[in-house]
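Asks: Predicted coordinates and the sequence they were generated for:
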Amino acid sequence: MGNIVKEPRIVKIRENVLRKNDILARELRERFKKEEVYVINMVSSPGSGKTTLLTEVLTRLGKNYNVAALVGDLATENDADRLEKSGARVKQIITGTVCHLEAQMIEESLENWELSNIDFLFIENVGNLVCPSSYDLGENERVVLFSTPEGEDKPEKYPTMINSADTTILTKVDLSEAVDFDKDLYYKAVQDARPGIKMFETSVKTGEGVDEWVAHLIAGRSETYKTN
Ligand SMILES: Nc1nc2c(ncn2[C@@H]2O[C@H](COP(=O)(O)OP(=O)(O)OP(=O)(O)O)[C@@H](O)[C@H]2O)c(=O)[nH]1
Ligand SMILES: [Mg+2]
């Protein structure tokens, strides 16, 4: 009898947390839309290259647009320090024991920021291919990064993440040969998991693919807000 009462209660609490997050995310999305902020949520396993790629993208986009970034980690301000080198406005969110960012953390971090002065807001999520998938942050676009040293099968192993994403980026393509990465297998794994999803490839070592992703973001913003 005790078990029958306890189990639904735990499920209910989890449902409530997620529902509260969805309500806050919807409010954030409305605010972003009103101020024409294009928001990108970057998710991947730890060390796939989010901060490295984002630093490069902030530098390139920052020449013509107002760019800003929020970055989540369990501990340290290392990533914010690295991202700041691009010249962009950056804030670190320290989550302690929480393995993902939530809409409320984004809302609190934006408190002193004038959204009307931001064209692109990047959110670097906590490195983790599981927890962040359930938390809407009000973003326009969720991009999942997979790096070549992780192996070709990660899109198959993390279906919830790839199913909640809008685009994928294969990072560290300069290491493909060194780690025996089979690109055909990877393409198949991605397309089997999520047919038709848009795929990019980048290397920050050679610069390959970075401009293509930047162009995609600019196009995404202008399509969304009918602006330049
Ligand atoms: N060869 C190569 N190394 C890269 C590339 N991008 C990132 N790296 C390296 O990969 C390591 C991890 O990169 P980060 O950018 O810190 O990864 P991250 O996803 O931000 O990591 P967390 O925030 O800890 O989850 C660093 O040593 C980078 O120099 C790339 O395109 N090529
Ligand atoms: Mg990082």
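Replies: Arrived safely. Ligands and ions are numbered 1, 2, ... in the order given.

Asks: Taking the chain, what residue is nearest to ligand 2?
Replies: Ranking the residues of the chain by distance to ligand 2 (CB to the ion) places Thr51 first, at 3.3 Å. Backbone N, C-alpha and C define where each C-beta goes, glycine included.

Asks: For the longest helix along the chain, name the packing helices and strands.
Replies: In the chain, ranked by residue count with DSSP state H as the criterion, the top helix is helix 2-34. With contacts taken as 3 or more CB pairs under 8 Å, 6 or more residues apart in numbering; DSSP states H and E, helix 2-34 sits against helix 103-109.

Asks: how far out from the middle of the chain is the helix it packs on?
Replies: When C-alpha coordinates are averaged (CA atoms, centre = their mean, to the nearest Å), helix 103-109 and its chain have centres 15 Å apart.

Asks: now stretch 84-100
Replies: Using CA atoms, centre = their mean, the offset of stretch 84-100 from its chain centre is 12 Å.

Asks: ditto for stretch 178-198
Replies: On CA atoms, centre = their mean, the centre of stretch 178-198 falls 19 Å from the chain's centre.

Asks: And stretch 13-29, by the same measure?
Replies: 18 Å.

Asks: With just CA atoms, put it into CSV.
Replies: Provided in CSV are the C-alpha atoms of stretch 13-29 (Å, rounded to 0.1, in the frame of the first residue of the first chain):
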residue,chain,number,x,y,z
ILE,A,13,6.7,16.3,-8.1
ARG,A,14,8.9,15.8,-11.2
GLU,A,15,5.9,16.7,-13.4
ASN,A,16,5.4,19.9,-11.4
VAL,A,17,9.0,20.9,-11.8
LEU,A,18,8.9,20.4,-15.5
ARG,A,19,5.6,22.2,-15.8
LYS,A,20,6.9,25.2,-13.9
ASN,A,21,9.9,25.3,-16.1
ASP,A,22,7.7,25.2,-19.3
ILE,A,23,5.7,28.1,-18.0
LEU,A,24,8.8,30.2,-17.3
ALA,A,25,10.3,29.2,-20.6
ARG,A,26,7.2,30.4,-22.5
GLU,A,27,7.5,33.7,-20.7
LEU,A,28,11.1,34.0,-21.6
ARG,A,29,10.3,33.2,-25.2
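
Asks: Buried residues, it. List them.
Replies: 21, 24-25, 28-29 (16 or more other CB atoms under 10 Å).

Asks: which ones are touching the residue most central in space within the chain?
Replies: In the chain, the residue lying closest to the centroid (CA atoms, centre = their mean) is Met42, at 1.4 Å. With contact set as CB atoms under 8 Å, 6 or more residues apart in numbering, Met42 has these partners: 50, 54, 122-125, 143, 145.

Asks: rerun that using 6 Å as the cut-off
Replies: Counting by CB atoms under 6 Å, 6 or more residues apart in numbering, Met42 makes contact with 50, 124, 143.

Asks: That one: which element?
Replies: Met42 is part of strand 38-44, with elements assigned from DSSP states H and E.

Asks: can whichever helix or strand comes after that strand be found next to ligand 1?
Replies: Counting by DSSP H and E, the next helix or strand C-terminal to strand 38-44 is helix 50-61. Yes: interface with ligand 1: helix 50-61 contributes 50-52 (CB under 6 Å from any ligand atom).

Asks: same thing with stretch 169-180?
Replies: Yes: using CB under 6 Å from any ligand atom, we find that stretch 169-180 touches ligand 1 at 171-172, 174-175.

Asks: got a list of contacts for that stretch?
Replies: 48-49, 143, 145-149, 200-203, 205-206.
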